[in-house]
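Engineer: Structure of the sequence below:
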Amino acid sequence: MRLLLPPSESKNDGRTDSPLDLTMLSFPELTATRAKAIAALEKLSAKPKTARTALGISEKQDFERLRNLDLLAAPTSPAADIYSGVLYEALDLHSLTATQRRRADATILIQSSLFGWLTPADRIPAYRLSGDVTLPRLGTVASLWKKHLQKSLDDELIVDMRSGTYSKFWQPAAHQLAHTVVIKVMQTVTDGRGTRKIAVSHFNKATKGRVARYLLTHKAIATSAAELNELLQAGGWTTEHTDATAKAPHIIEVIVKDL
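Structural biologist: Residues are numbered from 1 along each chain as shown. Here you go, the predicted model:
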């Protein structure tokens with residue numbers, strides 16, 4: 001099973017003096033593309049006004065631009081320590097047992113705009129690069145990675161919890177649709193129009209973090225969409241499963257009532 005997670009905009013600084021070593025990251029076939037992305041980001045970030053606009057930051061957030069100026073020499077930490085957003089707080093990798101943490105490192109793939117795929121154990125520096133940014137001479141980061149990631153995943157159960165922006169980086173091929181599951185978080189609301197489901201916004205990331213943690217800590221490992229749906233229901237989640245088609249993957253809606 002593979003759990004595909006988005007990155008987080010908020011990041012902690014690296015805590016060791018060990019610089020970034022691209023050759024030591026997972027998916028070594030992405031090394032050349034990673035180097036090009038880093039060079040382009042550093043070039044973009046050297047122009048304050050242009051960079052702030054492109055990166056979606058203000059002058060008060062200029063420390064994020066400055067992080068991008070010397071990424072190959074910056075302090076690093078495992079990606080699990082760098083990403084610090086709501087999803088990762090709910091996932092709470094640091095509280096897992098040693099066995100569970102090894103499972104997480106072997107199961108989770110983080111969709112990074114700068115590095116493509118990362119595992120939680122991959123050592124990286126903090127950086128600022130959202131999934132909708134256009135890099136000089138390379139184009140959008142989504143288009144950059146899409147052509148390099150298309151054949152990167154094996155034929156195993158893929159549980160996709162990425163946001164819409166990052167889902168463009170990798171999409172399942174036709175033969176992978178039957179074993180790919182997109183997780184959506186929905187909420188039931190009741191008003192004058194009756195009871196209906198709506199997409200959850202703010203609590204979407206926290207719920208996905210909890211779902212990921214549950215899948216990592218449960219002894220059973222799902223090998224199909226049906227098994228995954230049963231596993232989530234056994235854990236107390238309310239779900240609705242829509243089967244894959246010839247053009248779309250499975251969808252499992254995790255329905256929350258109390259946020």
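Engineer: Only C-alpha atoms from now on, for both contacts and neighbour counts.
Structural biologist: Will do.
Engineer: measure stretch 139-159 end to end?
Structural biologist: 28 Å (Cα to Cα, to the nearest Å).
Engineer: Pull the residues that contact that stretch.
Structural biologist: 1-4, 30, 113-114, 116, 131-135, 138, 166, 168-173, 176, 179-183, 222-225 (Cα atoms under 8 Å, 6 or more residues apart in numbering).
Engineer: Kindly report the same for stretch 82-98.
Structural biologist: Contact with stretch 82-98 is made by 7-14, 80, 101, 104, 124-126, 205-210, 212-213, 217, as judged by Cα under 8 Å, 6+ apart.
Engineer: Let's see that with 7 Å instead.
Structural biologist: 7-14, 80, 101, 126, 205-206, 208-210, 212-213 (Cα atoms under 7 Å, 6 or more residues apart in numbering).
Engineer: Can you pull out the low-pLDDT segments for the chain?
Structural biologist: 202, 258-259 (pLDDT under 70).
Engineer: how does it look with 90?
Structural biologist: 17, 187-203, 256-259 (pLDDT under 90).
Engineer: what ranges do the strands span in it?
Structural biologist: Remark: strands assigned in the chain by DSSP state E are 2-5, 77-78, 108-112, 116-118, 123-124, 134-135, 139-140, 158-160, 180-191, 194-199, 238-242, 250-256.
Engineer: Number of residues surrounding E59?
Structural biologist: As a burial measure, E59 scores 11 neighbours (other Cα atoms under 10 Å).
Engineer: And for the residue nearest to it when sequence neighbours are not counted, the neighbour number?
Structural biologist: Leaving aside its sequence neighbours, E59 sits nearest to R52 (Cα to Cα, 6 or more residues apart in numbering; 7.4 Å). R52: 18 surrounding residues under other Cα under 10 Å.
Engineer: For H179, give its distance to Q171.
Structural biologist: For H179 relative to Q171 (Cα to Cα), the value is 12 Å.
Engineer: Give me the more crowded residue out of these two.
Structural biologist: H179 (20 against 17).
Engineer: doesn't D243 make contact with L177?
Structural biologist: No: L177 lies out of contact with D243 (Cα atoms under 7 Å); the separation is 9.8 Å.
Engineer: So which of the two has more stuff around it?
Structural biologist: Set side by side, L177 and D243 show more neighbours around L177, with 21 against 15, by other Cα under 10 Å.
Engineer: just to revisit the earlier point, any chance of the strands of the chain in JSON lines, with mean neighbour count and distance to E42 too?
Structural biologist: As requested, these are exported to JSON lines (neighbours: other Cα atoms under 10 Å; distance: least, Cα to Cα, whole Å):
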{"stretch": "strand 2-5", "mean neighbour count": "22", "distance to E42": "25"}
{"stretch": "strand 77-78", "mean neighbour count": "21", "distance to E42": "20"}
{"stretch": "strand 108-112", "mean neighbour count": "22", "distance to E42": "16"}
{"stretch": "strand 116-118", "mean neighbour count": "25", "distance to E42": "17"}
{"stretch": "strand 123-124", "mean neighbour count": "26", "distance to E42": "15"}
{"stretch": "strand 134-135", "mean neighbour count": "21", "distance to E42": "10"}
{"stretch": "strand 139-140", "mean neighbour count": "13", "distance to E42": "15"}
{"stretch": "strand 158-160", "mean neighbour count": "24", "distance to E42": "30"}
{"stretch": "strand 180-191", "mean neighbour count": "18", "distance to E42": "34"}
{"stretch": "strand 194-199", "mean neighbour count": "12", "distance to E42": "36"}
{"stretch": "strand 238-242", "mean neighbour count": "16", "distance to E42": "43"}
{"stretch": "strand 250-256", "mean neighbour count": "21", "distance to E42": "38"}
